[in-house]
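**Q** Structure for the following, please:
(chains A and B)
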Amino acid sequence: MNIDLSLMPMTLDVVHVGLGALSLLLIVIVVVMAVLKSSSGASEAPVEPNKEQNTTTNQAEESLNKQDLLKETTPEAALQLLMLLQQDARLIDFIHEDLTGFGDSDVGAASRVVHEGCKKVLQQVFNFEPIRSEEEESRVTLAQGFNASENRLTGNVTGEAPFTGTLIHKGWRVNEVSLPQLAKKHDVYVIAPAEVEL
Amino acid sequence: MKYSIGIDLGTTNSVVSYVELGGDDAQSVQDEPVTGLLEIAQLTSAGNVEKKKQLPSFLYLPHESEITEAETVLPWGTQTSKITGVLARELGAKTPIRLVSSAKSWLSHGGVDRKSNFLPLNSPEDVSTVSPLQASIDYLAHLKSAWNNEFPEDSFDEQEVIITIPASFDPAARDLTAEAARAIGVRHLTLLEEPQAAVYSWVKSMGDNWRDQVSVGDVILVVDIGGGTTDLSLVAVTEDEGNLILNRIAVGDHILLGGDNMDLALAYQVRAKLAKEGKNLQPWQVQALTHGCRSAKEKMLIDTTLEAVPLVVPSRGSKLLGATLRSELTRAEVEQTLVNGFFPEATIDEHPVEKPRAALTQIGLPYAQDAGITRHIAGFLSKQAGAADSLGFDSQDEFIKPAAILFNGGTLKAPVLANRLLSIVNGWLAEAGADNARLLDGADLDLAVAKGAAYFGFVKKGGGVRIRGGLASAYYIGVESSMPAVPGMEAPVEALCLAPFGMEEGTEAEVSDLEFGLIVGQPVRFKFFGSTVRRDDVSGTLLDFWSPEELEELPEIQANLTADNRKEGEVVPVRLAAKVTEIGTLMVEAISRDDDQRWQVEFDVRD
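**A** Predicted coordinates for the structure are as follows:
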C-alpha cells in the first residue's frame, strides 16, 4: 500500500472533529490538575505556612496527603535477609535458644558460628561506610546547611550553625545493597525448610 | 567480534574474564584495552539468584520431588534437571550421591570412557548420570547464558573464546574440551595452557616493564597450584632482532594434587585430635570441618601473628547450644601439615615416590601418591635438564636452573608457603653454584588464568608479545616390529614418531613413509605414546628402544575406515599424518595412498 504523505485533508469529518474536541478537553484537565497540585504542594512546606492557602484546601485532601507521608515497607527483602542470616549464621536458631543453664563456653562456641556467619552475610549484602571520617571523641564543626539526617545534634542544642561539638559516634551509611534476585513464585516466608534425611 | 573472552574452566571454580578488542585498524589495538570479570548469575539457594565472580564447578542432579521448578529460576530460564554453581555445591554437601564434582580431573583420566555417563561415581541407579564431557558442556553452557544475559548486544558465539587447560592435558582431553566448546556453539575457539595464561597475565600487569624483569638467557619456572592440580612449565627468554621472545619449552606431568588436598589433610588432623578426646565424627561433620579448616588456614597463612584459630561445627538441628562441636587449629599444626607435608625439604635428587598401586577394587581418580610438591618440582627440573639446549643456552648436566619463578593459584598467596618454595628452589641453585631465582610478582594469583586468557585473545590480534609454544610433547604410535616370533614373548613394539616436539598450531607434520594395510569397516587400535623429553625426533623416526621414563603410554587411538565409496573388507594401504589445529588440538589422519582420502583417527576410544 502506498501512502502519499504530501496529501492534506481538505474537509473535516465528524470523527476528527470529535477527536479534536476530546484532546482539547484532556489538555484542560491536565492543566487544572497541575494547578491544584502546586497549590496543595505549597501547603506542605514547613517554612512559613501560608494560612490563606491552607483554608482553601478541603479536609479530604489533607487526610490523603497525610497518608502519602508514610509508606508501607514490603516484607520480602526483610524475610530474604532473615533467610540468609539463618542459613549462614543460624541466627534464628540462636535467638530461640534459652541461654539459662548453659555455660559461657557453650554460648561462646555457638556465638562464633553466629558472629562469623552474620559478618559474612552483612558484608555480602551491604556495603558500609562511616558517615564521618574524623576520629571519635575529636572536635568537629558542622557548617550552616549541614545534612541533619546524617548528623544528629544532642546535648546542649541551642544557637545557630556553625555548631562545634564532640563526635560521639561516626555513624554508618549503606551505600550499596545487593540482595539476591528472587524467583517470582518463591515463598519468602519459609526462612529455613524442615530437613528430612533419608 | 568485539570481545575476547577468557574462560578458566577450573576443577572447583570457573572464572570468566574479558578484554575489549579494538577495531580492525592497527592503531586502536595498541591502546590499553577495556577489561573486566563477568559477574556470573547463579542460584545461591532455592529461589535466590545472585551474581558472583566465580561459578563453582559442581553439577547437582536433583530428585524430581526435591526442588520445584519455581525455585530454580535463572534470568534465562529454569534449571530443573541439573543445577550448577553455589546451590549445586550446597545441595551436594548434604546429598553427595547426586553431586558431580572434579569433572575436569575425570576429563583428563585416560583410564575411563570420558563420554560415557558414570558421574556421580557409584551413585544409585535412579540418579541419571552424566559423562565428564557432558558436565563440562553444562558448565560452559551456564557461562554462555550468563554472558548473554550481561551482554545482550554481543552474543557469546560471535566473540573470540579462549578456554584454558592444564599444560599436562593429553591430546584426548584437549580434544574433549574443544568438543564441549563446539557443543555450546563457540565459533572462534583457542585452547591455552594455564601456566602460559599466568605468564600473559603477568606480562599484562607489568606493562612495558616486563622487559626489565627478565633478560635473554633466563628460564622462568611457572608453578601453578590450583584447587585440584599442580601444573609446571618452563618458559625461556630469547631474543630476535632486538626483541625479547618468550618460549614455552617444557611442561610437567599431570599431578592431581592441589589446595583441596591441603584442606582435607588439615581436617583429618583435627578429626584425629577429636577422636583422642573420644569424639567420633560423622561424614557431614568431617565435611563441615574441612570447610572450617579452609578458612582457618587462609586466616593463619595470611596473618602470621595468629597462633590458633577456633573451629566450630554447629549441630544440624535447631538446637545450637550444647550440640556444637569445638576444636581448634594451631599454627604449629598448620605449618607441620602444610609446610612439611606438601612443601617438604628435599634435595634436587629426591623425586616423587611412586609405589605401584595395589589392585584397585573400584575406579577412582589417579591422585598423586606423593604429596611433596617440592619433590615433584625437583623431578621436573631434573627430567627437563636439556630443555633449553636447542635454544643455544648453556647445557645443564644435572637439572635446569630457573632464573625466575612465577607463582599462580590461591594456595601460593600465603607468604609462608611461597617463601618456603622459593627458599627450597634457591637451596638447589646455591648448591649447584647458580644465582638465586627471582620471584616475579604483580599478578593476581586467583584470577590470573582467566585474565591472562582474555588478554591472549588481544595478543592474538597483534596487541602484545606472544609466547612461542607448540606441542609440549612428541607423539608416537606403537608398531609391532617385524621380528621372528619367539614363543612366550610378546612381539616387541617400535614407536613411530607422528608429531614432533614443538609443532606449531596450524601446521602439518610430514607424512610418514611407513604404510599400514587397514581393512575397511574394521576398527584398528594403535598403542599411543607421548614424550616430553625427546625433542629431536622428527616425524617418521622409528624408535626400537627407549627408557621407561622417556615415553609415557597414553590411551590407545583408533582408526576406523568407514565404507563411503569402498567395499566392506577391502584392504586400503594408508599412511598416517599428524597436524595441530588452529584451536590447539592434535589431529591424526589416515591417508589412503591411492586417492588421498582421509579418515580421522580417534583419541579416547573404549570398549
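**Q** how near is the residue nearest the centre of chain B to chain A?
**A** The centroid of chain B falls nearest to B:Pro166 when counting by CA atoms, centre = their mean (2.4 Å). According to CB to the nearest CB, to the nearest Å, B:Pro166 stands 31 Å off from chain A. C-beta here means a position set from N, CA and C on the backbone, and glycine is covered the same way.
**Q** Spit out the contact partners of that residue.
**A** B:108, B:193-194, B:229, B:231, B:254 (CB atoms under 8 Å, 6 or more residues apart in numbering or on different chains).
**Q** which one among the residues you listed gets closest to B:Ile377?
**A** Checking those against B:Ile377 with CB to CB, the nearest one is B:Asp231 at 11.4 Å.
**Q** Just read off the phi/psi values of that closest one.
**A** phi -120, psi 130 (degrees, to the nearest 10).
**Q** does the nearest residue to it once chain neighbours are set aside count as helix, strand or coil?
**A** Here the nearest residue to B:Asp231 in space, its sequence neighbours aside, is B:Asp224; by CB to CB, 6 or more residues apart in numbering or on different chains that works out to 4.3 Å. With DSSP: H, G, I helix; E, B strand; the rest coil as the basis, B:Asp224 sits in strand.
**Q** what does B:Lys461 give?
**A** Strictly by three-state DSSP, B:Lys461 counts as helix.
**Q** repeat for A:Leu84
**A** With three-state DSSP as the basis, A:Leu84 sits in helix.
**Q** show me what contacts the residue of chain A found nearest chain B?
**A** In chain A, the residue that lies nearest chain B is A:His186 (3.0 Å; CB to the nearest CB). Listed by CB under 8 Å, 6+ apart, the contact set of A:His186 reads B:46-48, B:70-71, B:73.
**Q** just A:Gly117 next, same as before
**A** A:85, A:88-91.
**Q** Could you list which of the residues you listed belong to helices?
**A** In helices, defined here by DSSP state H, the members of the contacts of A:Gly117 are A:85, A:88-89, A:91.
**Q** Show me which pair in those is furthest apart.
**A** A:Asp88 and A:Leu91, at 8.7 Å, using CB to CB across the ones in helices among the contacts of A:Gly117.
**Q** Need the residues touching each of these two.
**A** Joint contacts of A:Asp88 and A:Leu91 (CB under 8 Å, 6+ apart) are A:117-118.
**Q** that older thread, filter the ones in helices among the contacts of A:Gly117 down to the buried ones.
**A** Buried by 16 or more other CB atoms under 10 Å in any protein chain shown: A:85, A:88-89, A:91, out of the ones in helices among the contacts of A:Gly117.
**Q** on that earlier part again, now the residue nearest to the centre of chain B. Nearest residue, chain neighbours left out?
**A** Closest residue in space to B:Pro166, ignoring its immediate chain neighbours: B:Asp231 at 4.8 Å, by CB to CB, 6+ apart.
**Q** what about the one you found, neighbour count?
**A** 27 (other CB atoms under 10 Å in any protein chain shown).
**Q** so who does it touch?
**A** Going by CB under 8 Å, 6+ apart, B:Asp231 touches B:166-168, B:193-195, B:222, B:224, B:251-252, B:255.
**Q** can you redo these as TSV with secondary structure and pLDDT?
**A** Formatted as TSV, the contacts of B:Asp231 follow (DSSP: H, G, I helix; E, B strand; the rest coil; pLDDT from 0 to 100):
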residue	secondary structure	pLDDT
B:Pro166	coil	93
B:Ala167	coil	92
B:Ser168	coil	89
B:Glu193	strand	94
B:Glu194	helix	94
B:Pro195	helix	94
B:Val222	strand	96
B:Asp224	strand	93
B:Val251	strand	93
B:Gly252	coil	92
B:Ile255	strand	90
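**Q** Many thanks, we can stop here.
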